[in-house]
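Chemist: got a predicted model here, sequence first, then my questions.
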Amino acid sequence: MVPPPPPLSLKPARLSAAEARSLPRWSLVLLCLLYILPGLLVRDPWKNIDADHFGVMWTMAHGTISDWLLPNIAGAPMPRSGPLAFWAGASFIALFGNLIGDVYAARLATFFFFTLSAYSVWRTTFLLGRRQEAQPLRLAFGGQPEATDYGRVLADGALLIYLGSLGLIMFSHETSAHALYVALIAFTLCGCARHIDSPSAKHAALIGLALGCLVLTNGWIAPLVLCAGLGIAGFFCSVSRSRHLLHVLLALLVICLIVSIWPTLVLWHNPYAGSPVTAWMQWNSSLVALPDINTLKNFFHFVRYALWGFWPAWPFACWAVYTWHRQWRDPHIALPLFFVAVFLLLALPGFQREDDILLSMFPPLVILAAFGLPTMKRSAINAVDWFSVMGFTAAGIVIWTCWLAAQTGWPPRIARNALKLAPGFVPEMSLMAILVAACATLCWFLLVYWRISRRPPVLWRAVVLSSGGVILCWLLLATLWLPWINYNKSYAGVARQMSRHIPDKRVCVDAKVGVSQRASFAYFGQIRFGGLSGEKCGYVLLQDTIPRRNPPASPPLYKGMSLVWEGRRPSDRDERFRLYKRNR
């Protein structure tokens, strides 16, 4: 039973049909493509998360069924997270790797995850925005928007806020499980919104499917708390409690069925005579601990990081909670606010890693922020606009200035500082990159001129400059500065250099290196590492740090081994690799 609408006097939103004009569909699609494609193309897997998770996907795609069941990077187990995102990336590599290359094939999964998250955010906001409780006040002489038009313009605003979120840029473009994690949070919200509109077993099963996939993506803590919270929340709604309980039990059943797939296959095949599920459960259990002083410090660090990471969502979300506080139990406020509250509670005892907390809060916070747009005062909108114009224009000028200095050597001080961070880097000039960057800059100034001169009376005007500014800066970095960033973050050069000192690629290598380095050496150097198979290898690869003071004059010698290669990346002053060959 749908609750009756609140009295008109309690509704804070007042809007005309002219202000509820939505963006053309082609413009939304173009903005999404401009956001996601730069950063996925013409670059290597970068160190840390990007290379780590790509290494797992690549190992699965070129390995056996044991590698699919036990996520590992060329023999190094990865007990954290879950296998679902890796299965998706490995499937894309297996299907399209021979056509477009393994790296780009894996990034097709990232593109798919982003598409799912963006659509889920848009659809959830649309479903909540067209509800009767969320509608604006009826105007005295008519002219208020239709429910569908109002929901659509709110959804457009939510998508613009999502694209303009500063803290989401890198995570959206990494070949990692983080992109799927965000998408599944948004998909869970969409399933809940559908269930609120039409409580049915099908929609309850959809929620269970989303939460089950979430367990296999990033552990069971967040899905378990969400499922428990959704079960408790049903007792405060107007739906039948017995019916709600049956739907919760159905969702739990679907979750158990989804989650049981991996352990069942592991029990049947016993990959590498081990159980990755046990290590995965131990990792999950290690996150459940009482808060201590370090947890409190991490939480305060998260709050400081969130001030810019959640921009521009958090000011609009706070305003939405304030202006709609008399209707906080209505679904368009209660649902996203519930998700935000759950993840904040998980942040307090440290049940989730800091980046997971940040990512999990983006979809509900963006949806909540969209409902702050109709009630935002004009002075606040102008303040946000001018902040976006000044901030992103200044950032664009800095990016262009530093790039020109690196290319021409003038101003000399800026050129020295830019090249000092990447010793040995030779600046590259690509005509295509320059044209794309110039077109993006021109479009930014045209957008600013249109916003300031026309002052369009549309709901999404408050966030269009924030989204455009983020896309501008990302485009500039992904075109002008991509060779420089790639030089700093890629291990391709040093991997190929070391590979030349192993003439027989059938011989395996024991490695004591980081997981990012292991993945890069395996992919770029085609090195066969030992590990899970227990095979005795003919080479040993070591990684250490060069001391700043009194570095050793000669590398250490080990009994029964001879040094065949020593190297490092030119851009890294501290990291060093040594390859030893075992004497027969």
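Modeler: Thanks, I have it. Residues are numbered from 1 along each chain as shown.
Chemist: drop to CA atoms for contacts and neighbour counts, all remaining ones
Modeler: Fine.
Chemist: L226 is in contact with V340, isn't it?
Modeler: No - counting by CA atoms under 8 Å, L226 does not reach V340; the two are 10.7 Å apart.
Chemist: low pLDDT regions in the stretch 101-250 of the chain?
Modeler: 140-142, 234-240 (pLDDT under 70).
Chemist: now with 50, please.
Modeler: The stretch 101-250 of the chain contains no residues with pLDDT under 50.
Chemist: and if you look at the stretch 251-400 of the chain?
Modeler: Ranges of the stretch 251-400 of the chain meeting pLDDT under 50: none found.
Chemist: what helices or strands is whichever strand or helix holds F362 leaning on?
Modeler: Using DSSP states H and E, F362 sits in helix 354-370. Here helix 354-370 touches helix 102-129, helix 147-163, helix 177-197, helix 293-309, helix 313-323, helix 331-347, going by 3 or more CA pairs under 8 Å, 6 or more residues apart in numbering; DSSP states H and E.
Chemist: which residues are contacting the last one?
Modeler: In this case it means helix 331-347. 125, 128-129, 131, 133-134, 189, 192-193, 196, 222, 225-226, 229, 299, 321, 324, 327-328, 352, 354, 357, 360-361, 364-365, 367-368, 371 (CA atoms under 8 Å, 6 or more residues apart in numbering).
Chemist: need the buried ones from these selected in ChimeraX.
Modeler: A single ChimeraX command selects the buried members of the contacts of helix 331-347 (16 or more other CA atoms under 10 Å):
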select :125,128,129,131,133,134,189,192,193,196,222,226,299,321,324,327,328,352,357,360,361,364,365,367,368,371
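Chemist: any buried residues in stretch 327-346, and which?
Modeler: Those would be 327-328, 330-340, 342-344, 346, for stretch 327-346 by 16+ other CA under 10 Å.
Chemist: gap between it and the chain center?
Modeler: Relative to its chain's centre, stretch 327-346 lies at 21 Å (CA atoms, centre = their mean, to the nearest Å).
Chemist: now the residue lying closest to L216 once chain neighbours are set aside: which helix or strand?
Modeler: Nearest non-adjacent residue to L216, counting by CA to CA, 6 or more residues apart in numbering: G82, 4.7 Å away. Under DSSP H and E, no helix or strand contains G82.
Chemist: wait, G82 touches C213, no?
Modeler: No - G82 lies out of contact with C213 (CA under 8 Å); the separation is 9.4 Å.
Chemist: ramachandran angles for the nearest residue to A422 once chain neighbours are set aside?
Modeler: Of all residues not flanking A422 in the chain, S571 sits nearest, at 4.8 Å (CA to CA, 6+ apart). With angles defined as degrees, to the nearest 10, S571 sits at phi -80, psi -10.
Chemist: what is the burial count for S571?
Modeler: Using other CA atoms under 10 Å, S571 has 18 neighbouring residues.
Chemist: ok, now L465?
Modeler: For L465, the neighbour count with other CA under 10 Å is 24.
Chemist: please apply the same query to I399.
Modeler: If you count neighbours by other CA under 10 Å, I399 ends up with 16.
Chemist: equivalent analysis for G409, please.
Modeler: A count of nearby residues for G409, using other CA under 10 Å, gives 15.
Chemist: hey, where'd the strands end up in this protein?
Modeler: Using DSSP state E, the strands of the chain run over 72-73, 76-77, 509-512, 539-545, 561-567, 575-582.
Chemist: tell me which residues of the third one are tucked away?
Modeler: In this case it means strand 509-512. Within strand 509-512, the residues that count as buried by 16+ other CA under 10 Å are V509, D510, A511.
Chemist: what lies in contact with that strand?
Modeler: By CA under 8 Å, 6+ apart, the list of residues contacting strand 509-512 reads 518, 527-531, 537-543.
Chemist: got these as a markdown table, with distance to A51 and neighbour count columns?
Modeler: Below are the contacts of strand 509-512 laid out as a markdown table (distance: CA to CA, whole Å; neighbours: other CA atoms under 10 Å):
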| residue | distance to A51 | neighbour count |
| --- | --- | --- |
| R518 | 9 | 24 |
| I527 | 15 | 24 |
| R528 | 17 | 18 |
| F529 | 16 | 26 |
| G530 | 19 | 21 |
| G531 | 19 | 19 |
| C537 | 24 | 17 |
| G538 | 25 | 17 |
| Y539 | 23 | 23 |
| V540 | 21 | 20 |
| L541 | 18 | 20 |
| L542 | 19 | 16 |
| Q543 | 17 | 18 |
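Chemist: closest to Y449 out of those residues?
Modeler: Of all the contacts of strand 509-512, R518 has the smallest distance to Y449: 49.3 Å, by CA to CA.
Chemist: which non-adjacent residue is nearest Y162?
Modeler: Of all residues not flanking Y162 in the chain, V366 sits nearest, at 6.1 Å (CA to CA, 6+ apart).
Chemist: would you quantify the distance from that neighbour to T441?
Modeler: Distance, V366 to T441, by CA to CA, to the nearest Å: 26 Å.
Chemist: what about the two, which has more around it?
Modeler: Neighbour count, other CA under 10 Å: between V366 and T441, V366 has more, with 29 against 21.
Chemist: what's the distance between that one and F300?
Modeler: Separation of V366 from F300 (CA to CA): 22 Å.
Chemist: then L108?
Modeler: In terms of CA to CA, L108 sits 36 Å off from F300.
Chemist: M170 too?
Modeler: 22 Å.
Chemist: also compute the angle for the helix ranked longest in the chain relative to helix 313-323, please.
Modeler: The longest helix of the chain (DSSP state H) is helix 378-408. Following axes from the mean of the first three to the mean of the last three CA atoms, to 10 degrees, one obtains 170 degrees for the angle between helix 378-408 and helix 313-323.
Chemist: mind listing what's buried in helix 378-408?
Modeler: Buried residues in helix 378-408, counted by 16+ other CA under 10 Å: 381, 384-386, 388-389, 392-393, 395-396, 399-406.
Chemist: okay, the residue most central in space within the chain and T124: tell me how far apart.
Modeler: With distances taken as CA atoms, centre = their mean, the residue of the chain nearest its centroid is F171 (3.1 Å). From F171 across to T124, the span is 21 Å (CA to CA).
Chemist: tell me the pLDDT of the residue lying closest to R506 once chain neighbours are set aside.
Modeler: Computed as CA to CA, 6+ apart, the closest residue to R506 that is not its neighbour in sequence is R528, at 7.0 Å. Predicted confidence (pLDDT) at R528: the value is 91.
Chemist: check M1 too.
Modeler: Note on M1: pLDDT of 44.
Chemist: same thing with the one 5 residues further on?
Modeler: The pLDDT attached to P6 in the predicted structure is 56.
Chemist: related to what we said a few turns ago, what angle do the helix holding F362 and helix 313-323 make?
Modeler: On the basis of the same axes, to 10 degrees, helix 354-370 is oriented at 50 degrees to helix 313-323.
Chemist: name the surrounding residues that touch helix 354-370.
Modeler: Residues outside helix 354-370 that contact it (CA under 8 Å, 6+ apart): 121, 124-125, 154-155, 157-159, 161-162, 168, 178, 181-182, 185-186, 189, 298, 302, 306, 310, 313-321, 332-333, 336-337, 339-340, 343-344, 346-347.
Chemist: again, but for stretch 571-584
Modeler: Residues outside stretch 571-584 that contact it (CA under 8 Å, 6+ apart): 421-425, 487-488, 498, 538-548, 560-569.
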